[in-house]
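Engineer: Need coordinates for the following:
(one chain, ligands or ions: 3)
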Amino acid sequence: MEELPGGRRPRLVSTLGLGQRSWEVTLDAERGWLAWRDPRPPRRRGGENYFVPTSEIIAVEETELNEKQRNIGRWQKMAKPHAFTVYYVKKDRNHRWRCGDVTFSCVDEYLYDQWMQALKQLLEMQRSRPKHLLVYINPYGGKRQGKRIYEQKVAPLFSLASISTDVVITEYANHAKDNLFEVNINKYDGVVCVGGDGMFSEVMHGLIGRMQKDSGIDQNNPKAPLVQCNIRIGIIPAGSTDCICYSTVGISDPVTSALHIIVGDCQPLDVSSVHHNNTFLKYSVSLLGYGFYGDTLKDSEKKRWMGPMRYDYSGLKTFLSHHYYEGTISFQPAKHTLGSPRDKDSCRTGCYICKKSEQQLAEQHKERGLKHEEDEEEWKVIKGKFLAINSVNMSCSCPRSPKGLSPAAHLADGSADLILVRKCSRLDFLRYLVRHRNQHDQFDFSFVDVYRVKSFQFTSKLSEDNESNVTVIGKKRFGQFCRDHPACCCNIANSTWNCDGETLDSSAIEVRVHCQLMKLFARGIEKNCNDEAAYSQSSVEQSL
Ligand SMILES: CCCCCCCCCCCCC/C=C/[C@@H](O)[C@H](CO)NC(=O)CCCCCCCCCCCCCCC
Ligand SMILES: Nc1ncnc2c1ncn2[C@@H]1O[C@H](COP(=O)(O)OP(=O)(O)OP(=O)(O)O)[C@@H](O)[C@H]1O
Ligand SMILES: [Ca+2]
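Structural biologist: Ligands and ions are numbered 1, 2, ... in the order given. Below is the predicted model of the structure:
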């Protein structure tokens, strides 16, 4: 390697054997890349060029060349050619990552040692990579393939990357959550969950809950400033919806997720806390849905045996029942964030809007102890009859809806998009649903409103009436549905909140978004060359 002043050795350039030819291989430690180039002029079918950021090198290993490889070209003269294999992230279409490998041969041991040492040094310098992970596998999530997926697709990659693991196969619901309150968490560089959104939710509750407990924060206080959780969670998708994985990586694919964990990616995530009467209920990172998604989930729980199909079955059933619910929503608009839910651009890796929120959060932490102006900020109140009330902290894109419930929602901007779908005809509601799967704007309907909020509260008409002691008993005599108007679909019972795929017991809730409360082994969805809608600073500036 060439030396720079100060003893830095940023560049190693050698001619190494690859296949049957000699290639020019460069390791540029300063700029952080490894490249190999066929030095033959392009018209002789050479000129190929490969380039890998060193942050995306997975491992390097000594390699024994096989008989066939040894007997070609100049390597056949050597008793034992010295070869090494570099494993790296190979980016495929649709955000899919694969483990690529390339084997280089060196003319002598000295050159081999030089390369091995330089590459190993570079790998050791990747400080954000995990070395020791705690893994929870839900053997019953999704299509019940969690254990197989982990053993066949993920564990071999972790061992290639020299990551050691403690693996827990869960034996009951909440096993992972309970366990996280007991383990010596400081031993680990991250926690991995193999399963779906429900399994992720368990691990998140365990980690955030543990963090608050250790810091003496009372989770039942809805206004308590929660302590950020710096231990990252990796999601190996093996569930039914895998919305959190899809929305943060761009695909639900176990190998891709394992590689994001190995390279030590970090994606902060907003978390909403949900309370009822000063009692903590749950945290949410994806969907908090009342009405359509609440009823779909409640019905689907009885059909777990159907696997992922249960959501389509119960979704269709709920669609046909066409129930709407009356209630009051009060919310505080998110004025601190630059974007809006109607933006054409989406949150992508390195998102400028999320970075801005991160800076604001750091300033807030510095000013902690000074007066908090939050409570003085305005509340908007909306009363109405709703088919669905959805609050999403992220786009909620998933294989069922690749652009999600709110395509412009941000992963880490400290806000949620509150989507109110008012009472409308079945046909209109179907048109709304269909737009989750095509390119048209799902908010461009007179019966749909969307707001970017930092907190909200909901009370159903039924509980308001209960509280004001209005003839509830009289109403109950009508049974669950309005018998006077069989066709009107009005429902005097409450719906249920769907909180990241789990039902909540209370319909009256108070929700608050906590900016970047936790972190994932992910980097957000990467911009593609054809992804013109990705955020850049200039596009934000134009919108100001
Ligand atoms: C005509 C086709 C329209 C299709 C519209 C599809 C929209 C799908 C939007 C999915 C949004 C998922 C949000 C993520 C929520 C997760 O935290 C949670 C836990 O995993 N998953 C669910 O609650 C699982 C929720 C799954 C809901 C599935 C709903 C399926 C609706 C089917 C309606 C059919 C009407 C057809 C009439 C002819
Ligand atoms: N060993 C177990 N036995 C029964 N339930 C479990 C076990 N381990 C975890 N669970 C629970 O199973 C629930 C569902 O699991 P998971 O999220 O992995 O799959 P899913 O519901 O099919 O997928 P999705 O949440 O993506 O729709 C979780 O809420 C979790 O608490
Ligand atoms: Ca958000």
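Engineer: what's near enough to touch residue 411?
Structural biologist: 247-248, 267-270, 347, 351, 354, 393-394, 524 (Cβ atoms under 8 Å, 6 or more residues apart in numbering). Quick note: C-beta positions are derived from backbone N, CA and C, even for glycine.
Engineer: Residue for residue, what is the longest helix this structure has?
Structural biologist: helix 197-214 (DSSP state H).
Engineer: Return the residues of the stretch 351-500 of the chain in contact with ligand 3.
Structural biologist: 393, 410, 413 (Cβ under 5 Å from the ion).
Engineer: Same check on the chain?
Structural biologist: Near ligand 3, when you scan the chain using Cβ under 5 Å from the ion, you find 270, 393, 410, 413.
Engineer: The first one contacts residue 409, correct?
Structural biologist: No. Because the distance of 9.3 Å does not satisfy Cβ atoms under 8 Å, residue 270 is recorded as not touching residue 409.
Engineer: residues in contact with the residue nearest in space to the middle of the chain?
Structural biologist: Central residue of the chain (Cα atoms, centre = their mean): residue 248, 3.2 Å from the mean position. Applying Cβ under 8 Å, 6+ apart to residue 248 gives the contacts 235, 267, 269, 394, 411, 520, 522, 524-525.
Engineer: pLDDT, distance to residue 148 and secondary structure added to the residues you listed, as JSON lines?
Structural biologist: Converted to JSON lines, those look like this (pLDDT from 0 to 100; distance: Cβ to Cβ, whole Å; DSSP: H, G, I helix; E, B strand; the rest coil):
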{"residue": "235", "pLDDT": "98", "distance to residue 148": "17", "secondary structure": "strand"}
{"residue": "267", "pLDDT": "98", "distance to residue 148": "27", "secondary structure": "strand"}
{"residue": "269", "pLDDT": "98", "distance to residue 148": "28", "secondary structure": "strand"}
{"residue": "394", "pLDDT": "98", "distance to residue 148": "28", "secondary structure": "coil"}
{"residue": "411", "pLDDT": "98", "distance to residue 148": "30", "secondary structure": "coil"}
{"residue": "520", "pLDDT": "98", "distance to residue 148": "23", "secondary structure": "strand"}
{"residue": "522", "pLDDT": "98", "distance to residue 148": "23", "secondary structure": "coil"}
{"residue": "524", "pLDDT": "98", "distance to residue 148": "29", "secondary structure": "coil"}
{"residue": "525", "pLDDT": "97", "distance to residue 148": "27", "secondary structure": "coil"}
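Engineer: will you turn those residues into a markdown table that also has distance to residue 493?
Structural biologist: Listed next are the contacts of residue 248 as a markdown table, based on distance: Cβ to Cβ, whole Å:
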| residue | distance to residue 493 |
| --- | --- |
| 235 | 35 |
| 267 | 39 |
| 269 | 34 |
| 394 | 30 |
| 411 | 35 |
| 520 | 37 |
| 522 | 39 |
| 524 | 40 |
| 525 | 39 |
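Engineer: Low-confidence ranges, the stretch 51-200 of the chain, go.
Structural biologist: 66-81 (pLDDT under 70).
Engineer: any chance you could map the strands in it?
Structural biologist: Along the stretch 51-200 of the chain, the segments classed as strands by DSSP state E, counting those that start in this stretch run 57-63, 82-91, 97-106, 132-137, 164-169, 190-195.
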